[in-house]
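Chemist: Need coordinates for the following:
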Amino acid sequence: MKIKLLNCLFFGILIPFQLFAQNNYDKSKFHQLEDWWPTANEYRNGAGAPGHAYWQQKVDYVIDVTLNDEKQELTGFEKVTYTNNSPDVLSYLWLQLDQNIFDPNAMSYLTETKDQMGNMSFEGMKYIFRNEFEGGYKILSLKDNQGNNLKYTIVNTMMRIDLPNPLQKGDKFVFQLKWNNKINNTKFNGGRGGCEYFPEDKNYLYELAQWFPRLCVYDDVDGWQHKQYLGTGEFALEFGDYKVSITVPADHVVASTGVLQNASQVLSPLQLSRFNAAKNAKEPLLIITPAEALKNEASKETKTKTWIFAAENVRDFAWASSRKFIWDAMGVTVGKNKIMAMSYYPKEGNPLWEKYSTQAIAHTLLVYSRYTVDYTYPVAISVNGPIGGMEYPMICFNGPRPEKDGTYSARTKYGLISVIIHEVGHNFFPMIINSDERQWSWMDEGLNTFCQYLAEREWEEKYPSSRGEARSIIPYMSSDQATLEPIMTNSESIQQFGNNAYGKPAAALNILRETIMGRTLFDDAFKIYANRWAYKHPQPADFFRTMEDASGVDLDWFWKGWFYTTEPCDIALNSVTAYTIDSQNPTIEKPAKKTKRDANDVSISTIRNKTAIKNYRLNNYPSLSDFYNKYDALDVTENDKDKFKKYEESLSAEDKKMLSNNLFYYILDFENVGGLIMPLIIQYELANGQKEILRIPAEIWRKNNQKVSKLIITTQEVKQFELDPLQETADINRKNNYFPSKIIESQFQLFKEQQRNREPNTMQLDKQGKL
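Modeler: Residues are numbered from 1 along each chain as shown. Modelled structure (predicted):
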């Protein structure tokens with residue numbers, strides 16, 4: 001609808017009429033979102049696909065890095081080749097200095113809030129003083145490829161390099177950077193990478209992530225993505241090729257992004273033979289055995305080895321190193337590719353890790369590839385160390401371990417399987433479908449958690465998934481609205497990060513798949529999105545548009561409600577009115593009405609008067625009786641029968657059939673209490689106990705977002721109506737989903753009161769001589 005822009009000067013105030021009309025339009029739950037999304041162009045088209053002129057930058061790295069196991073330090077040299085594929089001329093480059101989050105004066109420390117102090121562990125107190133750790137990069141030199149110094153400016157966790165000459169479209173710029181930094185102890189300093197110390201054998205285990213200065217993304221949407229790294233919003237990175245040489249103590253074992261280039265130099269002939277055998281193994285095969293790992297633990301080698309890895313078309317690079325590692329592997333065939341699924345873990349991880357880790361990797365690759373794109377990287381690695389769960393191309397860090405006696409709880413077991421599925425799954429989101437984590441956490445965490453749920457369901461029938469089901473997000477959506485933000489919120493501004501970035505998007509996608517679109521339409525559209533944006537940089541609108549474009553389903557109402565608001569789903573079945581057809585046959589209708597009248601003509605007074613009033617005046621004076629004391633309008637008369645006969649003779653055979661169909665008609669009145677519109681899923685139980693479900697699309701709310709009524713016709717009387725019987729819509733209030741109302745069952749426990757053990761009072765301590 002086009003609206004003319006009319007201005008009216010009223011008491012000196014210029015009022016644009018369009019503003020009011022547009023605001024009213026925006027209030028509609030079915031407001032189309034094209035005016036909210038970036039305008040389609042040659043880079044990103046209106047169908048949600050890369051446009052005919054889509055471009056992205058490329059950054060290649062050659063890195064030499066040395067690990068100092070005595071001082072827990074890294075020293076690195078990198079040669080970076082930046083290719084400008086954009087149509088723009090660049091006068092500077094921006095790099096990410098993520099290690100600067102550990103600088104004592106980091107913005108993340110200075111902006112941290114705390115409203116009270118309470119009892120805490122000594123480790124917790126050490127964490128408060130973590131800014132005493134002198135972390136952050138020391139830039140030793142920055143030169144161009146000819147050895148000339150380059151001017152640079154460090155802005156917290158970002159660094160701008162001023163180019164000696166503008167970088168034209170299609171040109172490359174090569175520079176060389178030397179740096180070093182201390183490695184944080186994750187137990188005291190936190191972080192997404194770092195080291196763990198094992199006092200029993202006096203060894204360290206290193207998981208190195210965000211360990212080298214990396215280029216920021218430059219794209220058609222934001223230009224340079226250089227939002228500061230504050231710890232929550234993760235990363236936005238360009239694709240490129242890597243060659244990384246890692247020098248570590250000679251008894252260390254290194255796990256890394258990429259393919260090992262010098263295996264014969266760093267592995268024994270027996271270990272290399274095992275590695276080759278593992279490629280075709282049906283079960284994980286040990287490359288480095290527990291006995292060999294124990295021997296390495298004790299050796300404390302002072303010599304070094306250099307492990308060389310190469311990776312093509314990846315957005316990042318991470319690695320782990322320790323003399324404690326046990327290493328197992330098995331080959332997994334995905335499409336036409338043979339992938340090496342591998343796990344590295346200390347003895348403290350067994351028996352849990354040797355049993356589940358590599359199997360969980362293999363399972364993830366197969367399930368995710370079926371729903372998204374084939375996994376094409378040559379390896380997929382899970383490492384046990386100090387990091388609870390973090391992801392990088394081809395490698396991830398996962399924390400759960402059994403107790404020291406080797407036992408473990410069900411929570412620990414499934415926690416390990418789930419975190420491995422999740423972190424390996426991140427190879428797809430965002431390592432391949434390369435979204436901007438710094439801005440939109442849900443685009444990788446939410447989509448990945450949804451796929452994690454699918455993979456968990458295929459692990460075993462009753463897998464205890466904590467996220468994915470619609471009902472799992474109800475506690476969050478029913479919580480205080482002041483603590484909630486829309487999914488479409490910048491990563492650093494989210495209060496309940498796990499629910500907002502992981503749980504709610506995963507539940508939303510599962511609802512789309514199971515309830516709104518159906519599995520076939522959803523799976524096809526989701527796979528098209530993954531294939532369109534594999535090894536590219538998608539934005540939220542690209543996902544939203546693709547899901548609609550590929551399915552033919554208008555989902556703007558869904559994106560608006562689930563992703564742009566915090567409204568919960570609370571749809572009430574307020575009332576039900578039952579109707580039957582009046583046959584107009586007096587011999588049927590009048591007796592029925594009389595029975596109903598007599599049943600309803602009961603009150604507390606009439607009941608008590610039956611015994612309280614012994615003599616009615618009419619009984620004592622019969623002369624007071626007249627025609628109306630004997631007349632009942634609901635008695636059947638001959639006149640009634642004649643009228644009906646004439647009426648019946650006027651009806652056609654079709655009319656008579658309709659009049660005697662004996663159907664039951666129900667008008668159900670619904671109210672949108674919570675604000676979030678959803679489909680109406682209505683189960684009704686018939687008199688014979690049979691249950692049927694009617695599914696009504698959310699479009700029933702399109703003309704009235706607050707209240708709607710629906711006619712349901714049945715062949716039998718309905719005993720009970722229930723809204724959302726399978727809990728598909730995340731409705732936060734089940735109490736108003738029934739008509740007639742249903743008793744909500746619950747339980748409480750009884751217990752015996754016990755005398756609490758009290759501390760001795762001062763007089764008791766004095767008598768005991770303990771003062």
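Chemist: switch to C-alpha atoms for all contacts and neighbour counts from now on
Modeler: Fine.
Chemist: In what element of secondary structure is S746 found?
Modeler: Taking DSSP states H and E as the definition, S746 sits outside all helices and strands.
Chemist: same check, this time on G46
Modeler: Taking DSSP H and E as the definition, one finds G46 inside no helix or strand.
Chemist: Just give the nearest non-adjacent residue to it, would you?
Modeler: A40 (4.9 Å; C-alpha to C-alpha, 6 or more residues apart in numbering).
Chemist: In this model H52 seems to touch that neighbour, though I could be wrong.
Modeler: No - assessed by C-alpha atoms under 8 Å, A40 is found out of contact with H52, at 11.6 Å.
Chemist: related to what we said a few turns ago, secondary structure of the residue nearest to G46: a helix, I assume?
Modeler: No - secondary structure of A40 (DSSP: H, G, I helix; E, B strand; the rest coil): coil, not part of a helix.
Chemist: thinking again about what came up before, who has more neighbours, A40 and H52?
Modeler: A direct count of neighbours by other C-alpha atoms under 10 Å for A40 and H52 places A40 higher, at 16 against 11.
Chemist: what about the spatially closest residue to Y82 that is not a sequence neighbour, distance to D241?
Modeler: Once flanking residues are discounted, Y82 sits nearest to V59: 4.7 Å by C-alpha to C-alpha, 6+ apart. V59 sits 7 Å away from D241, going by C-alpha to C-alpha, to the nearest Å.
Chemist: So the two - more neighbours on which side?
Modeler: For V59 versus D241, neighbours defined as other C-alpha under 10 Å are more numerous around V59 (25 against 20).
Chemist: Does the more buried one belong to a helix, a strand or coil?
Modeler: strand.
Chemist: list the contacts for it?
Modeler: Contacts for V59 (C-alpha atoms under 8 Å, 6 or more residues apart in numbering) come out as 80-83, 215, 238-241.
Chemist: can I get those residues in a markdown table with distance to L365, secondary structure and pLDDT?
Modeler: Converted to a markdown table, the contacts of V59 look like this (distance: C-alpha to C-alpha, whole Å; DSSP: H, G, I helix; E, B strand; the rest coil; pLDDT from 0 to 100):
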| residue | distance to L365 | secondary structure | pLDDT |
| --- | --- | --- | --- |
| V80 | 31 | strand | 98 |
| T81 | 31 | strand | 98 |
| Y82 | 31 | strand | 98 |
| T83 | 31 | strand | 98 |
| L215 | 28 | strand | 98 |
| E238 | 23 | coil | 98 |
| F239 | 21 | strand | 98 |
| G240 | 22 | strand | 98 |
| D241 | 22 | strand | 98 |
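Chemist: Give me the neighbour count for the residue lying closest to S299 once chain neighbours are set aside.
Modeler: Once flanking residues are discounted, S299 sits nearest to D251: 7.2 Å by C-alpha to C-alpha, 6+ apart. If you count neighbours by other C-alpha under 10 Å, D251 ends up with 23.
Chemist: Now do D251, the pLDDT please.
Modeler: Note on D251: pLDDT of 97.
Chemist: In contact with it, which residues?
Modeler: 296, 299-301, 304, 323.
Chemist: Tell me the buried residues within the residues you listed.
Modeler: 296, 323 (16 or more other C-alpha atoms under 10 Å).
Chemist: Now, the contacts of D251 that are in strands?
Modeler: T304 (DSSP state E).
Chemist: so which of the contacts of D251 comes closest to E692?
Modeler: R323 (62.4 Å; C-alpha to C-alpha).
Chemist: shouldn't the closest one be in contact with N296?
Modeler: Yes - the pair R323 and N296 passes the contact test of C-alpha under 8 Å, sitting 5.3 Å apart.
Chemist: list the residues that contact both of these two?
Modeler: The contact lists of R323 and N296 share 251-252, where a contact means C-alpha under 8 Å, 6+ apart.
Chemist: distance of the residue nearest to Y82 from F239?
Modeler: 6 Å.
Chemist: still on that earlier bit, nearest to R370 among the contacts of D251?
Modeler: R323 (36.7 Å).
Chemist: Just give the nearest non-adjacent residue to the closest one, would you?
Modeler: H252 is the one closest to R323 (C-alpha to C-alpha, 6+ apart), at 4.1 Å.
Chemist: which residue sits closest to V254, ignoring its sequence neighbours?
Modeler: Leaving out its chain neighbours, the residue that sits closest to V254 by C-alpha to C-alpha, 6+ apart is S321, at 4.5 Å.
Chemist: Give me the number of neighbouring residues for that neighbour.
Modeler: With other C-alpha under 10 Å as criterion, S321 counts 25.
Chemist: next one: K187
Modeler: As a burial measure, K187 scores 18 neighbours (other C-alpha under 10 Å).
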